[in-house]
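[1] Pasting a predicted model and its sequence here:
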Protein chains: 2
Amino acid sequence: MRLSRYFLPTLKETPAEAQIVSHRLMLRAGMIRQAAAGIYSWLPLGFRVLKRIEQIVREEQDRAGCHEMLMPTIQSADLWRESGRYEDYGKEMLRIRDRHDRDLLYGPTNEELITDIFRFYVKSYRELPQILYHIQWKFRDEIRPRFGVMRGREFLMKDAYSFDFDYAGSKHSYNKMFLAYLRTFDRMGLRAIPMRADTGPIGGDLSHEFIILAETGESEVFCHRDWLSLDLRRDDVDYDGDLEPVIESFTSLYAATDEKHNPATCPLSADELVTARGIEVGHIFHFGTKYSAPMNAAVAGPDGEPVHCQMGSYGIGVSRLVGAVIEASHDDAGIIWPEAVAPFKVGLINLRTGDAACDAACDDIYSRLEAAGVEVLLDDRDERAGAKFADMDLIGLPWQLVVGPRGLKSGQVELKRRSDGTREEVSIDSALSRLTGQP
Amino acid sequence: MRLSRYFLPTLKETPAEAQIVSHRLMLRAGMIRQAAAGIYSWLPLGFRVLKRIEQIVREEQDRAGCHEMLMPTIQSADLWRESGRYEDYGKEMLRIRDRHDRDLLYGPTNEELITDIFRFYVKSYRELPQILYHIQWKFRDEIRPRFGVMRGREFLMKDAYSFDFDYAGSKHSYNKMFLAYLRTFDRMGLRAIPMRADTGPIGGDLSHEFIILAETGESEVFCHRDWLSLDLRRDDVDYDGDLEPVIESFTSLYAATDEKHNPATCPLSADELVTARGIEVGHIFHFGTKYSAPMNAAVAGPDGEPVHCQMGSYGIGVSRLVGAVIEASHDDAGIIWPEAVAPFKVGLINLRTGDAACDAACDDIYSRLEAAGVEVLLDDRDERAGAKFADMDLIGLPWQLVVGPRGLKSGQVELKRRSDGTREEVSIDSALSRLTGQP
């Protein structure tokens, strides 16, 4: 992408309304713009990150054998009356009346709708297990939306729903999602700790929140200090095998949100216990027949008798993750994207746009990177070098390649790694082979 | 994908509420399920087609130099009051009041919101031209939603917005979109004819609808018979060059919607004129300063004086296209997907699940197709052959590969092309090389 043609409106001033660093940096880096309280437009740079994160979530759901679908944003109130949650949900639910005076709502979650789909089509235990998911915009009418995309009203969520015939099957589905979540967040460069959690309005008997420790976190969390260094990824897991041992290796280590933590019964010594603030990026629930019973989602068992399905639901805050990654990875100059979610891998800076040698070298490097499938943003604007450096640090691409007239005379360019600021003078070919991974 | 694990609930009965063939087939093929009047859930098979179509639209927008972003579904009413459209839009607009009694609405289109973004960031003619687009759900509270996804209330639309400094630039942007649309629809196997059209509630002085001729079309259209055979694709167009000659080669041939057609002034002879019914799949508008003037979206020109931007907007009905492709391509047995939008390329039918030879051959073929990147749906259910054939015809994958015990004895499988029903007995290796394109 050539910056001269792109739509990347960075801001020099720090917007006054932004209280936390991710919100400030997303506004300054031209990633988002507020459309209304807690409702954002995603500008091209922010959109690219959102899609990267969405794709990692999707790949790990697919790997765990879940099937993607898409439910609408607007739902009929009738289903929520059936489950009994229409009144329960209170003012956080955005209630709508259409031209025919029918009650609709903007879905804050989808347990009712997926249960309705399931009960219509699935009749036999032979069709189980099944995990369906979608990645769709949700709306919760927060009384005080804040922190940018971290606590917005319209937000993008991945929500999955599992259907099993018995508790053992359902626990297996829960375990699959537990492990899929660990992989998902790890791929984004995040350490998300699974903590015993309250089930809240979703209900159920078993629940974990996946929490990133961060000073700006909204809630207090408690965990064993070993969580801070534990390897959270398991690459060799067979999702069809017995998952209990590997789950046990995680859940045996204490970690709890403030609703679940009780100082009187906490088994940890003061020395072992870490008390910190955390950001919730995922939440999984096992709730048995909480929805299948009132909505009568039953399948015939081997004996022909109908049995209400055992269900769980599994959410990931896709748009919130964009902010969470920034909270976890930034410095005073701006964002530091982990490569897996970066909007572009390389920022190519033409220090003197209009200089024939610089322009030609940049065009050549740009084409060769694109040809190798490396996503590159070329700053070909007619701007001072200082402004280009500042913008490139702000938007936080993992690599910067700086092309200037002086270096070019001896065939050198500067390669800078954003994460640690290390710089090297290298030949163009050597820079390219480093960035493309090709000799 | 193995059908035994997938969620593909086909229906044997034709649902009574469906009046047109695409609606009937989408319900029967387990692609969608109605959630409320004019609001649908996309089941996994339908979701895959929707994503295919979305991706073709995206690629052709990107090729034309447009930049993708994402605006929210919920908008503030204030912007619509500024443009003067809040009252104009009538009951088709879904109006919402939040917990703080602020007026919101579910966006039926985005001219106001994009103009607001643009005026905030863009200050100089040097930052033009710019075309931004997004692919987002919209809501129009149709009084009588019908025909499934063809005229739903919640629907997926790609809408792009161009900003230029002067009329000539704006016409060039319009022309780019005109040609990008021809490529887009052609890639989906559709003949979409650009017809002079009314500008309706969007406004402006120039507009084309892209129309597919179909008996089930909602409106009457009129065009020169040469449109029925004209090659609508131009692969050698330089989007930065002069587009007027190629546009002229299309627009010189008569084509108009019923609002624009006047029998008294139509230049065609009765012999040349085709009168047909049509389905609108795209609509492009040039409307100059209709939004930029009241909302004061101006940039400084070369002389420093502010000038209101020239704008256009460009829509494609992404979810409607799924129905439109089916209207254009089906037979009595079911859907016939053009390969570019098919949910899977190959349907692999195991005629006798449980037979060791059939299972082994299917597993082998399945792995080899997947390894070659060919998307395959394996019918490994314990069902009669007849049911498997009927379902596979219904869901319309381009190729069927049938593996049965008799053929296997002589190493043969049957390869059937869905579009014309031709069948061939071939060796497994020969079938694989045909489907993968590899020797």
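    Looks like it came in fine. Numbering: from 1, shown residues only, chains lettered A, B, ... in the order given.

[2] all helices for the stretch 251-400 of chain A, in order.
    If DSSP state H, counting those that start in this stretch is used as the criterion, the helices of the stretch 251-400 of chain A fall at A:318-328, A:356-371, A:385-395.

[3] winner for burial among those helices?
    helix A:318-328 (a mean of 26; mean count of other Cβ atoms under 10 Å in any protein chain shown). (Glycine included, C-beta is placed from N, CA and C.)

[4] So is that one next to chain B?
    No - Helix A:318-328 stays out of contact with chain B when judged by Cβ under 8 Å from any Cβ of the partner chain, the minimum separation being 9.8 Å.

[5] quick one: which of the helices of the stretch 251-400 of chain A is nearest B:Tyr89?
    Minimum separation from B:Tyr89 across these (Cβ to Cβ) falls at helix A:318-328, 27.8 Å.

[6] Export the closest one to PDB, keeping only CA atoms.
    C-alpha atoms of helix A:318-328 as PDB (Å, rounded to 0.1, in the frame of the first residue of the first chain):
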ATOM      1  CA  VAL A 318     -12.800  -9.800  18.800                       C
ATOM      2  CA  SER A 319     -13.000  -6.000  18.700                       C
ATOM      3  CA  ARG A 320     -11.900  -5.700  22.300                       C
ATOM      4  CA  LEU A 321      -8.900  -7.800  21.500                       C
ATOM      5  CA  VAL A 322      -7.500  -5.000  19.300                       C
ATOM      6  CA  GLY A 323      -7.400  -2.700  22.300                       C
ATOM      7  CA  ALA A 324      -6.100  -5.500  24.600                       C
ATOM      8  CA  VAL A 325      -3.200  -6.300  22.300                       C
ATOM      9  CA  ILE A 326      -2.200  -2.600  22.400                       C
ATOM     10  CA  GLU A 327      -2.500  -2.400  26.200                       C
ATOM     11  CA  ALA A 328      -0.100  -5.400  26.300                       C
END
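
[7] Enumerate every residue touching the closest residue to chain B within the stretch 151-300 of chain A.
    Of the residues in the stretch 151-300 of chain A, the one nearest chain B is A:Glu154, at a distance of 4.9 Å by Cβ to the nearest Cβ. A:Glu154 sits next to A:Gly38, A:Ile39, A:Tyr40, A:Trp137, A:Lys138, A:Phe139, B:Pro72, B:Thr73, B:Ile74 when contact means Cβ atoms under 8 Å, 6 or more residues apart in numbering or on different chains.

[8] what's the closest non-adjacent residue to the first one?
    Excluding the flanking residues, the one nearest A:Gly38 by Cβ to Cβ, 6 or more residues apart in numbering or on different chains is A:Pro145, at 2.6 Å.

[9] cool, the third one as well?
    Distances taken as Cβ to Cβ, 6+ apart place A:Ile32 nearest to A:Tyr40, at 4.5 Å, with adjacent residues excluded.

[10] now the fifth one
    The spatially closest residue to A:Lys138, leaving aside those adjacent along the chain, is A:Met157, at 4.9 Å (Cβ to Cβ, 6+ apart).

[11] Check whether the one you found sits in a helix, strand or coil.
    strand (DSSP: H, G, I helix; E, B strand; the rest coil).

[12] For it, give me its contacts.
    A:Thr109, A:Ile135, A:Gln136, A:Trp137, A:Lys138, A:Gly315, A:Ile316, A:Gly317, A:Val318, A:Ser319.

[13] what helix or strand does the fifth one sit in?
    When secondary structure is defined by DSSP states H and E, A:Lys138 falls within strand A:130-139.

[14] Which strands or helices does that strand pack on?
    Applying 3 or more Cβ pairs under 8 Å, 6 or more residues apart in numbering or on different chains; DSSP states H and E, one finds that strand A:130-139 contacts helix A:44-63, strand A:67-68, helix A:111-121, strand A:154-164, helix A:167-187.

[15] Switch those over to TSV, and while doing so, append distance to A:Val274 and mean pLDDT to every line.
    TSV is the format used below for these (distance: least, Cβ to Cβ, whole Å; pLDDT from 0 to 100):
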stretch	distance to A:Val274	mean pLDDT
helix A:44-63	26	98
strand A:67-68	36	98
helix A:111-121	33	97
strand A:154-164	28	98
helix A:167-187	18	97
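
[16] what's the most buried one of the ones you listed?
    strand A:154-164 (a mean of 24).

[17] With that, I have no additional questions.
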